[in-house]
Structures are given as structure tokens and as C-alpha cells.
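Student: Below is the sequence, then the predicted model.
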There are 2 protein chains.
Amino acid sequence: MLSVMRMQIPKTHPRYESLMKREKIIEALDKGILAKAGLIAHGRGETFDYLIGEKTAPIALEAIKAAAALLILAENPVISVNGNTVALAIDEVVELAKELNGKIEVNLFYRTKERELAIKRAFEEKFKDDIETGKIKILGIDDANKQIPNLDSLRGKVSEEGIFTADVVLVPLEDGDRAEALVNMGKKVIAIDLNPLSRTARKSTITIVDELTRAMPLLIKYVKEFKNKDREELLKIVEDFDNKKNLKDMIDYIAERLKNLSLDEL
Amino acid sequence: MLSVMRMQIPKTHPRYESLMKREKIIEALDKGILAKAGLIAHGRGETFDYLIGEKTAPIALEAIKAAAALLILAENPVISVNGNTVALAIDEVVELAKELNGKIEVNLFYRTKERELAIKRAFEEKFKDDIETGKIKILGIDDANKQIPNLDSLRGKVSEEGIFTADVVLVPLEDGDRAEALVNMGKKVIAIDLNPLSRTARKSTITIVDELTRAMPLLIKYVKEFKNKDREELLKIVEDFDNKKNLKDMIDYIAERLKNLSLDEL
């Protein structure tokens, strides 16, 4: 089916990017990286992305800048990844980790040994050198011996070196329970979530309402840029950011877009 | 995974219905009824349903009534089904078909012999008697010898007795190309589509913007009720219905809901 789709979709197709992401997601299911529910989750995201216009909103860019500042200020930041994140943005995750302390933790909603290993394999196949030289560390598989309080045991398993002792956790595509549990542990949570109404979006410290593969390169760009700023400047960027206001602005942005679309398209 | 989900989700869960539908969709994938892309499509629908509040909007009910009238007026109505429709609403499809002329046609976006047979088997397992007594006919598998103009050959394959000669086609969860091609053949198309902005929604004669398993029982109810109405009354219901206005009202309804949600939930 994949090859059939590839043949049929020219690069000039207005929804080319979206359709290619769909293929990556299906490939990840076939490789065992993704649970089936991850395909449905991807579809939910597609609709939100369609509603925000499949481009980064200026409002989301503010969240990205605040997230970049917070990541640089962090003493022990960790990037938490699940199957969907690995399927769509493994390269960007590794690039961002290398700009920070290199820590990437695998953290699955439906945790099975097979999926853990499939994800570990995906990193090892592409980034063998970075792992061997210690530039990145893939945590949360063999060393998930600690437990996030108030989460069921499988979903709450984390690495001591990683999420358990992290002060800032970047959680692309996280579920609401876990985002909330991490915040309750006193951590600062940066979420990338296309649904501005989700519990993840509302519970996180900074929520980037944008599509993962668009948000990550921007986040990397601002992490690189902001390294030149002094601590006071970075603190100010973080403090000036109001997550509730940002979410409300995103929701209004979507509502306005819908109203305008309705005139154009019908 | 399915059984784990079943154990974890109590019937009192606010999103119980939605989570059970998700299970049905995953089961259908496992049975070969659904293509993987069907899971992503289901996720897209979930977001729209979430935005309309997971209940039938009064605006959608107007479309359902117009659709019921049109189906009764039809001389040769056909219900077109794909994998998602069979996964979610096989019982309702059969019940509606029996209120009409019994014609159900299998019409797949990703047509393979295996999926055709899996869907045929799903009908035969549950509705053997209805098929043997001729109360329903499952068309489009062995008899898909005609072609819808301007569609690629696999997606355009239809049965002469079914869609090819139908005057009214009910297409739950149809793709935009095919809805448009059917309208271009002079047919009246009734779509059930949660996305009021989709091409299917815009191209169809009557678009019901509602979730399939909520819309179908209502459609059956009004078909039964409206059989008591005379032809003039039915024609008036159909003629008074303005699909573009209905879609615009649905879009505004979603936009308003979003704005109000933003105040409640944040």
C-alpha cells in the first residue's frame, strides 16, 4: 500500500507533507515502533493541524521561544519520546538532545518489551556513533527502575538518571495523566500538542500547539540562538510567557480560522 | 492490548463511547476489514466529534431528516460501505437497508481481494438469513463490473445493479473524489462526514455532519416515521434543505463551541 501511495502522490500535492507523515506512521506500525492506537492518535492530530492551517502560528512561536529558554536554563533536561515521536521526528530529537545534555528517555503509553526494543533499534540503526561516543543516551529501557507517583506501574516507569531526576522534561505527544504527574513531582513540563484543549496542554508548564516536525526544527534553532543570551534574559523570556493565555489565544485563532474558512471554502 | 483497555475503562468513564469505538476500529484492522489508513481516518473523525461535543447537533438533525426523506423518495437507493463503516455500524447499515430496497454495496478506497472478502464475511457471519432470504444484498464484490467515470479503475469499480444505476447513494465516510464523481454522474449523494469542510461534505447533495453510530439510528428512525408522509411533504423537506447553509451553520457552531470551551476549560 505504501508504495502505491508514493506513486500516486506528487510532491506538488497541496497535502504532500501530511500524506508523507501518514506513511511514516504506517511504516512505524509495521516496524513495531508504534501501537495501533498511535495511528488513531496521529489522525486526531491531523485534524487539529488542518484546523490551525498546517503552519506554525505566531502564537505557537512564542511558546517555542519560551521552551528554548527553559531548556537552556535547565540543569538536567530530558526529552521523553514515545512511538509517534520516534516515527515522525527521530532526527530532530537527536539533534536537540545533542544541543542539551544528550538525554533521551523512551516512555511508552502501551509499554511492551517488543516496542521498547524496536525503538531502541531505531536509534541504534541511525545514531550508533552518537550513542557509542556518549553524545546521546537512550534511557528508560534497561534502567527504568523508578516510579512516577500516582501513575499505574507500567506507565510510571522511569529512569533515575533521566525523567526521575530531571528538572525540565520535554514531552512531545504526551498523555494528560503523565504530564500532570510530572508537574506534580515539581518538574517543569514542555509539551508539544496539537490539541490546545487537551489535559496535557492545560497541565504543562509550556505548551507548544504545533505539529511536531515543524516545531522541533524551530525549537532547535532557538536553543542554538539563545545560548548567546545571558541567564537574566532567558529567565525573563520564561517568566513573561503565560501558558493559559497562550492556549486561549490558540483556541481563538482556530475558531477565527474556522469562521473565515467557512466563507472561503463553501 | 484490547483486553487491557477493556479492563481499564469503566462504563462511567466520560469518554467510554469514544474509547469503545476505538476498540472496534482496532479489531476491524486485526480482522482485515480495515486498512491501516482507516485507523488514521478514524482519529481525524474523533477530533471533529470532540469539537462538536460528541452529540448530534440540532443542525445535523435537519440534515438527517432531509436525508430520510430523500431515501424514501429514491427509486433505487444504495448504501455504500467501506471498512470503517462496517467496523462501526454494520448492524445499523443492515437495519437501514431493510427499510429500503436492501442494497448495500462494498466500495473500498484501498481495494484488495482480502479486504473485500473480510467485509463480505463480516456480513455473512451476522446476517446469513437476511442475505439468503434476499432481504439484503451485498453488492460490489463479485459484480463490480462497471466503472464510475473520472476515477482511477480500482476506486471507480461499481456494481451495475448497485451504485452504477442508483439514483440516491448514501456514502458514510466517503472520500471527496468519489463523492464528487457520483454527483457528476447525476446521482444524489448523502454523506455522513464529521468534517464540515471536507470535499465530500461540500460536494454531496446532503451532508450529515455527525458521528456515524449516532447518525444511523436517527436516520433509521426518521425513515420509519416519514414513510407515513405523502410524496409532496417529503419533496418539500428535501427542497427546503440547503446543504451549504447547513454546513456553514455547523462550522459556526463548532467555532462558537471552541470559543466557549476556551473559557470553561482553561
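Tutor: Perfect, thanks for sending it.
Student: ok, and residue A:54, which helix or strand is that part of?
Tutor: In this assignment (DSSP states H and E), residue A:54 forms part of neither any helix nor any strand.
Student: Look at it and report its pLDDT.
Tutor: Listed pLDDT for residue A:54 reads 93.
Student: Which neighbouring elements make contact with the strand or helix carrying residue A:45?
Tutor: If you go by DSSP H and E, residue A:45 is part of helix A:36-52. Judged by 3 or more Cβ pairs under 8 Å, 6 or more residues apart in numbering or on different chains; DSSP states H and E, helix A:36-52 is in contact with helix A:16-30, helix A:83-99, helix A:243-265, helix B:16-30, helix B:36-52. The way it works is simple: take the backbone N, C-alpha and C, and place the C-beta from them, glycine included.
Student: Isn't residue A:57 up against residue A:209?
Tutor: Yes: in this structure, residue A:57 is within contact of residue A:209 by Cβ atoms under 8 Å, at 7.2 Å.
Student: what about the residue in the stretch 1-150 of chain A positioned nearest to chain B, neighbour count?
Tutor: Using Cβ to the nearest Cβ, residue A:43 is the residue of the stretch 1-150 of chain A that sits closest to chain B, at 2.1 Å. Look at residue A:43: counted by other Cβ atoms under 10 Å in any protein chain shown, it has 22 neighbours.
Student: How about the contacts made by it?
Tutor: B:39, B:40, B:41, B:42, B:43, B:44, B:45, B:46, B:47 (Cβ atoms under 8 Å, 6 or more residues apart in numbering or on different chains).
Student: again, only this time at 6 Å
Tutor: Contacts for residue A:43 (Cβ atoms under 6 Å, 6 or more residues apart in numbering or on different chains) come out as B:40, B:43, B:44.
Student: got the residues of chain A near chain B?
Tutor: Chain A comes close to chain B at residues A:1, A:22, A:26, A:36, A:39-40, A:42-44, A:46-48, A:110, A:197, A:244, A:247-248, A:251, A:255, A:258-259, A:262, A:265-266, as judged by Cβ under 6 Å from any Cβ of the partner chain.
Student: Give me the buried subset of those.
Tutor: A:22, A:26, A:36, A:39-40, A:42-44, A:46-48, A:110, A:197, A:247-248, A:251, A:255, A:258-259, A:262 (16 or more other Cβ atoms under 10 Å in any protein chain shown).
Student: Please verify my assumption that residue A:154 contacts residue A:112.
Tutor: No: Residue A:154 is not in contact with residue A:112 according to Cβ atoms under 6 Å; the separation is 9.1 Å.
Student: out of the contacts of residue A:43, which one sits closest to residue A:30?
Tutor: Closest approach to residue A:30 among the contacts of residue A:43 (Cβ to Cβ): residue B:40, at 13.8 Å.
Student: So the closest one sits against residue A:37, correct?
Tutor: No: using Cβ under 6 Å, residue B:40 makes no contact with residue A:37, being 11.5 Å away.
Student: Tell me how far residue A:207 lies from residue A:182.
Tutor: 13 Å (Cβ to Cβ, to the nearest Å).
Student: While we're on the closest residue to residue A:75 other than its chain neighbours, how confident is the model there?
Tutor: In space, and not counting its chain neighbours, residue A:75 is closest to residue A:167: 5.4 Å by Cβ to Cβ, 6 or more residues apart in numbering or on different chains. What the model reports for residue A:167 is a pLDDT of 98.
Student: Compute the distance between residue A:167 and residue A:78, please.
Tutor: 9 Å.
Student: Next: residue A:215.
Tutor: Relative to residue A:78, and taking Cβ to Cβ, residue A:215 is found at 18 Å.
Student: Neighbour count: the two, which is higher?
Tutor: residue A:78 (31 against 24).
Student: Which residues does the one helix or strand the more buried one maps to contact?
Tutor: In the assignment (DSSP H and E), residue A:78 maps to strand A:77-81. With Cβ under 6 Å, 6+ apart as the contact definition, strand A:77-81 has outside contacts at A:71, A:93, A:97, A:100, A:103-107, A:162-163, A:166, A:168-171.
Student: centre of the chain versus that strand, how much separation?
Tutor: 9 Å (Cα atoms, centre = their mean, to the nearest Å).
Student: mind checking how far the residue nearest to the spatial centre of chain A is from residue A:36?
Tutor: Taking Cα atoms, centre = their mean, the centroid of chain A lies closest to residue A:172, which sits 1.8 Å from it. Residue A:172 is 20 Å from residue A:36, where distance means Cβ to Cβ.
Student: contacting residues around residue A:72?
Tutor: Contacts of residue A:72 (Cβ under 6 Å, 6+ apart): A:226, A:234.
Student: ok so it is a strand residue?
Tutor: No: counting by DSSP: H, G, I helix; E, B strand; the rest coil, residue A:72 falls outside a strand, being helix.
Student: How confident was the prediction at it?
Tutor: Reading off the model, residue A:72 has pLDDT 98.
Student: List of residues touching stretch A:204-220?
Tutor: Here stretch A:204-220 has contacts from A:49, A:56, A:60, A:63-64, A:66-68, A:88-89, A:92, A:95-96, A:172, A:179, A:188-193, A:196, A:201, A:243, A:250, using Cβ under 6 Å, 6+ apart.
Student: let me fix that: stretch A:100-117
Tutor: Residues contacting stretch A:100-117 (Cβ under 6 Å, 6+ apart): A:32, A:35, A:77-82, A:97, A:119, A:135-141, A:154, A:159, A:162-163, A:175, B:1.
Student: Residue A:84: neighbour count?
Tutor: 24.
Student: Which of residue A:57 and residue A:209 has more residues huddled nearby?
Tutor: residue A:209 (29 against 17).
Student: Leaving out the residues flanking it, which one is nearest to residue A:256?
Tutor: residue B:255 (7.7 Å).
Student: got the contact list for that neighbour?
Tutor: Contacts of residue B:255 (Cβ under 6 Å, 6+ apart): A:255, A:258, A:259.
Student: Right, I'll leave it there.
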